[in-house]
Each structure stands twice: as structure tokens, then as C-alpha cells.
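Engineer: I would like the atomic coordinates for the input below:
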Amino acid sequence: MFPPFPEEEAYAECEKIISLLEDGFMTLELVTKESESRQGNGIMIGSLVCRDEKGKRVVLKTVSGISRRLKLSPYIYDESSVYVEPIVSAEAINEALAENDKEIHDLTDKISFLKIQNKDVSSLVQKRLCLCDESLKKVHNLYSFYCINGRKKSLNEICGKKYAPTGIGDCCAPKLLNYAFSHNLTPVSMAEVFYGKNNETRENGKKYPPCDERCGILLPEMLGLKIIYQDSSIVVLEKPSGLLSVPGRTADKQDCVSSRLKKIYPTCIEQPAVHRLDMETSGVMVYALTKEAHRELSRQFEEGKVEKQYEAVLDGNMIKSGIAKHGVMTLFFRLDVDNRPHQIWDSEYGKKAITEWEFVRIERYKYKDEKSRPVSRVLFTPHTGRTHQLRLASADPHGFGIAIVGDTLYGKCKEGERLLLHARFLSFTHPVTKERLSFESKCPF
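Structural biologist: Modelled structure (predicted):
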């Protein structure tokens with residue numbers, strides 16, 4: 001995953017740690033026995049530079065895993081640093097594993113013995129697998145993480161029914177952010193550096209982004225947003241369905257991408273949004289961190305120089321309805337002042353909305369216990385940026401006449417169902433470097 005914070009300041013702190021280790025003024029103290037697979041493989045060193053509530057600089061430092069920790073020589077004074085311990089101690093993990101540990105080892109020995117005799121061991125292998133899964137769940141039950149909004153989330157709450165890999169929560173990034181958020185510290189810079197012998201995937205002294213396998217699950221939940229690119233001028237992110245792009249008018253609608261973004265980047269301008277996605281729509285968005293970037297990106301959107309593509313699932317078979325597999329439609333809509341925020345067809349006073357579409361395939365769709373039905377997957381390329389443009393292109397009789405699945409305004413949406421509309425592609429010119437940037441977001445449905 002892309003580093004969610006600037007790295008330079010924290011990277012310098014990681015280099016200091018490595019220098020202290022090489023000069024013997026710091027050691028990697030062994031806390032618990034390492035697994036044979038981990039021995040000699042090197043370690044990730046992480047640093048998070050923060051500011052406390054009074055603006056004082058605080059540097060958090062840690063290493064990956066639970067078996068080792070940084071130990072500074074008593075002859076070195078380091079008042080501004082905090083050495084962060086694992087979220088769950090090795091002792092607590094070993095205790096959780098202890099109940100099944102002996103039986104698992106006994107089964108392993110028995111399986112090895114029977115294999116030599118060419119006997120069937122499938123039932124024993126399955127039993128061992130179940131015990132291992134049971135032990136892993138016990139370990140996962142120990143993990144909870146402080147998030148940027150001050151709330152604490154359990155690992156089970158974060159992952160839900162998704163698979164949680166071994167070692168999740170033991171990387172540097174979640175340890176550092178968990179400590180920062182639990183102590184009201186504001187992150188400024190974060191970096192992780194590999195320390196150890198070079199191998200096929202890691203080089204000593206080189207910085208690496210948080211891993212996709214584990215941190216890619218945790219960090220979006222801890223930060224409240226999934227950052228896919230950031231620099232000093234812009235942030236590109238993936239908005240989840242159900243979250244507003246900008247604050248609403250009432251107190252209960254203040255949680256949005258903009259407000260969460262300003263928590264992550266406190267120096268961000270007051271209104272960073274340069275475009276919007278409907279609350280129910282998910283996908284890639286760009287926000288500005290500076291007034292100059294905001295001005296330039298807004299100009300690109302207004303002049304139609306930003307390329308966008310969406311993926312949608314329509315509630316019906318568009319081919320049987322006689323709709324072409326590819327085409328461009330021009331529609332005219334305006335706000336229905338008596339039924340906000342609905343838009344209605346108005347060929348005289350409506351604003352022009354131009355939409356290109358490409359049929360992908362017919363699928364079967366079902367929600368919970370309902371019967372499956374045919375739906376149509378479509379790619380939309382809007383050439384204008386009108387309110388509810390794609391929802392209307394789908395649902396209105398002047399368009400396809402087939403609403404997007406889960407559309408609360410122009411179609412049908414069951415409780416808990418989401419709008420199946422996703423912003424999958426965004427391309428624009430960087431407001432400072434003038435480089436053309438393109439970003440893709442995998443469709444979640």
C-alpha cells in the first residue's frame with residue numbers, strides 16, 4: 001500500500017537507529033524465542049514522528065514482530081523518543097496458543113510417522129488444521145487498535161468475515177499508529193526501513209511502504225481512509241460507500257472524507273474537496289492539500305480535462321431491453337425543487353449530461369436470501385459532471401430505464417444493500433509537477 005504520510009523526517013530517524021545499532025549503542029534485545037523461519041531474516045525498523053497537544057515533537061520507534069525490541073544503551077540520552085512495545089505481548093500470545101500446542105505437536109509427529117509407512121493421514125491433517133485455526137482465532141481475539149477518531153476497534157470488528165493473516169497487528173505501522181492515537185499524538189511523518197542481510201525482497205537500509213497483506217487491512221480502518229497516493233499538494237484515496245464526500249448541513253452529517261482527511265493532515269486547507277461522489281458511491285477521488293492545488297484541480301474539472309470511469313451493475317438485462325453494447329447518450333436534467341435531492345428530466349431548462357457506456361456482461365445477482373436475477377455490468381465514462389448523472393442515465397426512461405442495483409433515489413434498495421456504482425478510474429494533471437497521473441480502484445462488487 002502507498003505510505004499514508006510523508007516519509008523523509010521519519011526515515012532520518014530510522015537511519016539514526018541503524019547507526020546506533022551498528023555502532024553498538026543500541027541492541028535488538030530478544031524478548032521471546034524466534035521461530036526457525038524468522039532467524040537471520042532481518043527486521044523492519046519503524047519510526048513515526050508526531051506532535052503532542054502542545055506542539056512538542058515526539059518520535060515513536062519500534063521494530064516488526066513480537067520477538068525482539070530496541071534497547072538503547074544507558075549511556076545515550078534520548079528524551080524525545082518513545083520505544084513502542086507490541087500491541088499484544090509475546091507472553092499473552094503464548095498463553096493463548098498453549099491450550100492446543102501440545103496436541104498440535106503430537107499430531108505433527110504422528111502424521112510424520114504414518115507418512116513414512118505410506119498410511120492415510122488426511123483425517124489427522126484436517127484435525128490439526130482445525131486446531132491451528134482455533135489457536136489463531138484465540139490470538140486474534142487479543143488484538144484491538146486505537147483509531148484516529150479515538151475509538152478502539154477489535155481485529156474481529158475490522159476484518160469481519162475476511163481472513164486475517166498470521167502476524168497481523170505486529171508490523172511497525174499499526175504499532176506506531178496505535179500508540180499515537182491512544183496518546184493524542186498527531187502523526188507528521190512515518191517510515192519503515194529494513195535492517196539485516198539483503199535478500200530477494202529486502203535491501204538493508206532501504207525504506208519500504210506498509211505491507212498490503214496485513215497493513216493494507218488495518219491502516220484504512222485506523223486512519224478512516226484508504227490512501228492510495230499523497231504528496232505535499234494532493235491526496236488520492238478510495239472513498240467507501242456510505243461516507244459523504246463533504247460535510248452535510250446538519251450535525252449528524254459532519255463525518256465525511258474532508259473531515260477525516262483534515263485529521264490525518266492537520267495543515268490541509270479548510271475545504272480540500274475539488275469534486276464529489278454521492279454518499280452511496282465508492283471509488284477513487286482526489287483532494288487538494290493547498291489552495292494552489294485546489295484552484296488548479298478545480299479548473300481541470302470545470303474544463304473537462306479530468307478523465308473518469310465508473311463501473312455499475314444495472315438491475316436488469318439491458319441486452320434483452322434492446323440497448324446497444326456501446327454508445328453515447330445526451331440527457332437534460334435539473335433539480336426537482338419539490339423533492340430534493342432528486343433530479344428530473346427537463347429538455348428546456350435542464351443541464352446537458354453526456355454519458356458514454358460500454359456493456360461488459362450479464363450476471364446473476366442475489367441479495368441475502370432472495371432469488372437470483374439477471375443484472376448487467378456496465379462501464380460508464382461521463383463527459384460532463386452533473387448531479388446523479390450516471391444514476392439518471394441508468395434509471396430514467398430517457399436513458400436505459402434500468403436503475404442501478406441498490407439505488408435509494410431512482411430504484412430499489414433493501415436494508416443493508418449498497419448502490420452498485422464504483423469510481424474505478426481517475427486521471428488528471430498534477431497541479432504542481434504537471435505530470436499526467438492515473439489511478440485505478442478495483443471494483444468491490
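
Engineer: I'd say Lys263 and Gly150 touch.
Structural biologist: No - in this structure, Lys263 is not within contact of Gly150 by C-beta atoms under 8 Å, at 10.1 Å. C-betas here are computed from N, CA, C, even on glycine.

Engineer: Ala98 belongs to a helix, doesn't it?
Structural biologist: Yes - judged by DSSP: H, G, I helix; E, B strand; the rest coil, Ala98 forms part of a helix.

Engineer: what's the neighbour count on Gly242?
Structural biologist: 11 (other C-beta atoms under 10 Å).

Engineer: returning to that earlier point: Lys263 and Gly150: which is more packed in?
Structural biologist: Neighbour count, other C-beta under 10 Å: between Lys263 and Gly150, Lys263 has more, with 15 against 9.

Engineer: and the residue lying closest to that one once chain neighbours are set aside, which of the three is it?
Structural biologist: Nearest residue to Lys263, sequence neighbours excluded (C-beta to C-beta, 6 or more residues apart in numbering): Ile148, at 5.3 Å. Recorded secondary structure, Ile148: coil (three-state DSSP).

Engineer: I'd guessed Ile148 sits against Arg260; true?
Structural biologist: Yes - between Ile148 and Arg260 a contact is recorded at 7.4 Å, counting by C-beta under 8 Å.

Engineer: Spit out the contact partners of Val306.
Structural biologist: Contacts for Val306 were tallied using C-beta atoms under 8 Å, 6 or more residues apart in numbering; they are His275, Gln300, Leu426, Ser427, Phe428.

Engineer: residues in contact with the fourth one?
Structural biologist: Ser427 makes contact with Val306, Glu307, Lys308, Arg436, Leu437, Ser438, Phe439 under the criterion C-beta under 8 Å, 6+ apart.

Engineer: tell me how far the strand or helix carrying Lys110 is from the chain's mean position?
Structural biologist: Per DSSP states H and E: Lys110 is located in helix 90-116. Between the centre of helix 90-116 and the centre of its host chain there is 35 Å, according to C-alpha atoms, centre = their mean, to the nearest Å.

Engineer: packing partners for the helix or strand following it?
Structural biologist: Sequence-wise, the next helix or strand downstream of helix 90-116 (DSSP H and E) is helix 122-140. Other elements packing on helix 122-140 under the criterion 3 or more C-beta pairs under 8 Å, 6 or more residues apart in numbering; DSSP states H and E are helix 90-116, helix 155-159.

Engineer: Most tightly packed of these?
Structural biologist: The highest mean neighbour count among the helices and strands packed on helix 122-140, using mean count of other C-beta atoms under 10 Å, belongs to helix 155-159: a mean of 17.

Engineer: returning to that earlier point: need the residues touching each of Ile148 and Arg260.
Structural biologist: With C-beta under 8 Å, 6+ apart as the test, Ile148 and Arg260 both reach Leu223, Gly224.

Engineer: would you say Glu22 is within a helix?
Structural biologist: Yes - Glu22: assigned to a helix according to three-state DSSP.

Engineer: Neighbours of it, how many?
Structural biologist: Counted with other C-beta under 10 Å, Glu22 comes out at 10.

Engineer: the longest strand in the chain is where?
Structural biologist: Secondary structure of the chain per DSSP state E: the longest strand is strand 351-365.

Engineer: List the pairing partners of that one within its sheet, with orientation.
Structural biologist: Strand 351-365 has the following strand partners under DSSP bridges: strand 326-335 (antiparallel), strand 373-382 (antiparallel).

Engineer: Deepest-packed of the ones you listed, please.
Structural biologist: strand 373-382 (a mean of 20).

Engineer: With just CA atoms, put that one into CSV.
Structural biologist: C-alpha atoms of strand 373-382 as CSV (Å, rounded to 0.1, in the frame of the first residue of the first chain):
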residue,chain,number,x,y,z
ARG,A,373,-31.9,-12.4,-11.1
PRO,A,374,-30.1,-11.2,-14.2
VAL,A,375,-28.2,-7.9,-14.0
SER,A,376,-26.0,-6.0,-16.4
ARG,A,377,-22.4,-4.9,-15.7
VAL,A,378,-21.6,-1.7,-17.4
LEU,A,379,-18.7,0.8,-17.7
PHE,A,380,-19.7,4.5,-17.7
THR,A,381,-17.5,7.3,-18.9
PRO,A,382,-19.1,10.7,-18.1
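
Engineer: related to what we said a few turns ago, got the helices and strands packed on helix 122-140 as a markdown table, with distance to Lys138 and mean pLDDT columns?
Structural biologist: Below are the helices and strands packed on helix 122-140 laid out as a markdown table (distance: least, C-beta to C-beta, whole Å; pLDDT from 0 to 100):
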| stretch | distance to Lys138 | mean pLDDT |
| --- | --- | --- |
| helix 90-116 | 4 | 92 |
| helix 155-159 | 12 | 94 |
